[in-house]
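Asks: Provided below for reference: sequence and predicted model.
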Amino acid sequence: MNNSNSELMALPKVGMMNLFDDIAAKEEIRSPQDWTLDDCKEKLTVIFKEAKDDNEISISVRLQGLTFLRIKNNKTSMDAPRDLFTKEEVLERIRGCDEMIIEAHKRLLASLKKAKISRETTFKRKPTGARPSINEIEEDGQEYSQPSYS
């Protein structure tokens with residue numbers, strides 16, 4: 001095996017290629033605040049779960065995996081006889097109810113806003129008058145006094 005420069009130069013040259021072209025995001029990702037009613041309708045998912053009764057199945061519909069739609073009597077799930085509906089049939093019925101989807105979108109936005117505020121305040125908050133943390137004690141060179149038992 002002699003790998004001289006002339007032999008290496010004789011090998012076919014492979015051009016640079018992007019290995020991730022086929023999985024690159026083709027469409028722009030928009031935040032939930034920018035969604036239209038049609039965007040919300042596309043993001044609906046139907047979940048079938050086992051109900052307490054063996055002859056029934058629990059049906060619920062989510063918007064973006066977080067917010068459940070209130071589909072029956074202001075509840076987010078309903079029990080229906082097995083094989084009564086397919087996921088596609090449930091989606092078609094729900095997509096016709098614009099008011100329900102708009103209400104779920106508003107609740108989704110409120111939930112995301114609440115989560116954002118919670119994350120921001122959790123890291124900024126430090127209660128006043130609280131005991132110092134162990135790191136602060138080590139920095140100060142102080143220690144908690146231990147009661148002595150004699």
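Replies: Cool, got the structure.
Asks: what's the longest helix in this protein?
Replies: The residue-count maximum for a helix in the chain (DSSP state H) belongs to helix 98-124.
Asks: ranges for the strands of the chain?
Replies: 44-50, 56-63, 67-68, 77-81 (DSSP state E).
Asks: in the last one, what counts as buried?
Replies: In terms of neighbour count (16 or more other CB atoms under 10 Å), strand 77-81 has its buried residues at 77-78, 80. Where C-beta positions appear, they are placed from N, C-alpha and C, glycine not excepted.
Asks: how deep is residue 112 tucked in, by neighbour count?
Replies: When neighbours are counted by other CB atoms under 10 Å, residue 112 registers 16.
Asks: check residue 30 too.
Replies: Residue 30 has 10 nearby residues by other CB under 10 Å.
Asks: quick one: it and residue 40 touch, right?
Replies: No. Using CB atoms under 8 Å, residue 30 makes no contact with residue 40, being 11.6 Å away.
Asks: low-confidence stretches in this protein?
Replies: 1-28, 123-150 (pLDDT under 70).
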